[in-house]
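S.K.: fold the following for me, if possible:
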Amino acid sequence: MTRIITIEREYGSGAAAIARKLAERLAWTLWDRDITCDIARRLKCKVEAVEKREERPDPAFYRLVKAFMRGSYEDSMAAGNVELLDAEHLAKLFEKVVNDAASKGNCVIVGRGAPYFLRDRDDVFSVFMYAPHHEKIRRITEAQGKTVEEAEELVERVDRERAAFVKKYFDRIWPQRDLYDMMINTRIGDDAVIEMVLHEIELLERLPIGATAGARAHLL
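M.R.: Predicted coordinates:
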């Protein structure tokens, strides 16, 4: 029985909005920005500080500053937890928070390495959402009020940083296709995506016990 849905995504594919609607449809808990807030609470720092480093490798300048600070006065800094807020520690925190969320069940988890961390569970359905370039630009300009030029830069940069983060801290190529039960193009519309996700889950749950793992490869 599926109790957890993980959603990985290309930037601009509309996955965040789809995840929210899916969680509302199922009356499940949505873990998206709440993961960021939980990590900020654990580190006793601002949510914005975590958001700046999520799913991206450490900037070269930050790595350089961190190297100079290590072993000196960093522990007494009023800003707090600068060392803990690097991408390596965030990757470890993602694993803890994602597993904590999964242990509660009945939830939709967006990004943060969830398909990788939960890959061995048999109650997880993992989806990768993508969209054509023009569709991502449309969604970003309409939803965020960005210019076309700004949207173009975000689409190129954010996914490049996500791929670098996954390669550096999980040693995987993003997206790693064998982690997902479904990869779906969101240009068909949010409601259609949700219907297809739920239909695929229903198909998998009809399979005999023990047959799910083998069947997933044939349903991709």
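S.K.: find the centremost residue of the protein, please.
M.R.: Gly111 (0.7 Å; CA atoms, centre = their mean).
S.K.: and that residue, what does it touch?
M.R.: Ile7, Glu8, Arg9, Asp32, Glu55 (CB atoms under 8 Å, 6 or more residues apart in numbering). Where C-beta positions appear, they are placed from N, C-alpha and C, glycine not excepted.
S.K.: weed out the non-buried ones from the residues you listed.
M.R.: When those are checked for burial by 16 or more other CB atoms under 10 Å, the buried set is Ile7, Glu8, Arg9, Asp32, Glu55.
S.K.: got JSON lines for the residues you listed, with pLDDT and distance to Glu149 too?
M.R.: Shown next, in JSON lines, are these (pLDDT from 0 to 100; distance: CB to CB, whole Å):
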{"residue": "Ile7", "pLDDT": "96", "distance to Glu149": "28"}
{"residue": "Glu8", "pLDDT": "94", "distance to Glu149": "27"}
{"residue": "Arg9", "pLDDT": "94", "distance to Glu149": "22"}
{"residue": "Asp32", "pLDDT": "89", "distance to Glu149": "27"}
{"residue": "Glu55", "pLDDT": "56", "distance to Glu149": "23"}
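S.K.: re the thing from before, any idea which of the contacts of Gly111 is closest to Ala151?
M.R.: Nearest to Ala151 among those, counting by CB to CB, is Arg9 at 15.5 Å.
S.K.: any idea how far Lys44 is from the residue nearest to that closest one when sequence neighbours are not counted?
M.R.: Spatial nearest neighbour of Arg9, excluding adjacent residues (CB to CB, 6 or more residues apart in numbering): Ala15 at 3.4 Å. Distance of Ala15 to Lys44, computed by CB to CB, to the nearest Å: 30 Å.
S.K.: residues of stretch 165-179 that come out buried?
M.R.: Quick answer for stretch 165-179 (16+ other CB under 10 Å): Phe165, Val166, Tyr169, Arg172, Trp174, Pro175, Leu179.
S.K.: same deal with stretch 189-203?
M.R.: Using 16+ other CB under 10 Å as the test for burial, stretch 189-203 gives Asp190, Val193, Ile194, Val197, Leu198, Glu200, Ile201.
S.K.: who's in contact with stretch 135-152?
M.R.: Contacts for stretch 135-152 (CB under 8 Å, 6+ apart): Glu10, Tyr11, Gly12, Ser13, Gly14, Ala17, Ala131, Leu154, Val155, Thr186, Arg187.
S.K.: avg pLDDT for it?
M.R.: Averaging pLDDT along stretch 135-152 gives 95.
S.K.: that older thread, out of the buried ones among the contacts of Gly111, list just those in strands.
M.R.: Under the assignment DSSP state E, those contribute Ile7, Glu8, Arg9 to strands.
S.K.: any chance of those in a markdown table, with distance to Val50 too?
M.R.: Shown next, in a markdown table, are these (distance: CB to CB, whole Å):
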| residue | distance to Val50 |
| --- | --- |
| Ile7 | 19 |
| Glu8 | 19 |
| Arg9 | 19 |
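S.K.: just these now: which is nearest Glu24?
M.R.: Ile7 (14.0 Å).
S.K.: the closest one pairs with what?
M.R.: Val110, Val127 (DSSP bridges).
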